[in-house]
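*Asks:* Quick check, what structure comes out for this input:
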Amino acid sequence: MLRFALAAAAMLVVTLPCVPSYAVTQKDKMATCKFGADDQHLEGKARSAFMKKCMSNKDEPRGMPAPASGPPPNVPPPPQQH
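*Replies:* Numbers count the residues shown, from 1 in each chain. Now for the predicted structure:
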């Protein structure tokens, strides 16, 4: 029984950091959105639009990073073997 408890505790320690954290209540979500708007120094229509999008019921993590633009880095070709 002790092995099972230790195994379960170890699994929680390993998997818990991988779980995304979202605001649980509307009050928490409002505080998070206000912090984001204040951090970006938003005012007027920009703040209203940000708050509306932030308070929507969509819990979306950040999207994929934008692809790098421009030519690929210079990588020398592998040496020729004879």
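*Asks:* Below-threshold pLDDT in this protein: ranges please.
*Replies:* 4, 10-23, 57, 59-73, 82 (pLDDT under 70).
*Asks:* From residue 28, how far off is residue 54?
*Replies:* 12 Å (C-beta to C-beta, to the nearest Å). (C-beta placed from N, C-alpha, C; glycine too.)
*Asks:* Break down this protein into its helices, ranges please.
*Replies:* 2-15, 26-39, 44-55 (DSSP state H).
*Asks:* What residues sit buried inside the second one?
*Replies:* By neighbour count, and taking 16 or more other C-beta atoms under 10 Å as the criterion, the buried residues in helix 26-39 are 29, 33, 37.
*Asks:* Return the residues in contact with residue 55.
*Replies:* 26, 29, 30, 33 (C-beta atoms under 8 Å, 6 or more residues apart in numbering).
*Asks:* Just list the residues touching the first one, thanks.
*Replies:* Counting by C-beta under 8 Å, 6+ apart, residue 26 makes contact with residue 55.
*Asks:* Please renumber the chain so that the first residue is 650 from this point on.
*Replies:* In the new count, where the first residue is 650, that last one comes out as residue 675.
*Asks:* What distance do you get for it to residue 694?
*Replies:* From residue 675 to residue 694 the distance is 23 Å (C-beta to C-beta).
*Asks:* before we move on, what about residue 657?
*Replies:* 50 Å.
*Asks:* Much appreciated, bye for now.
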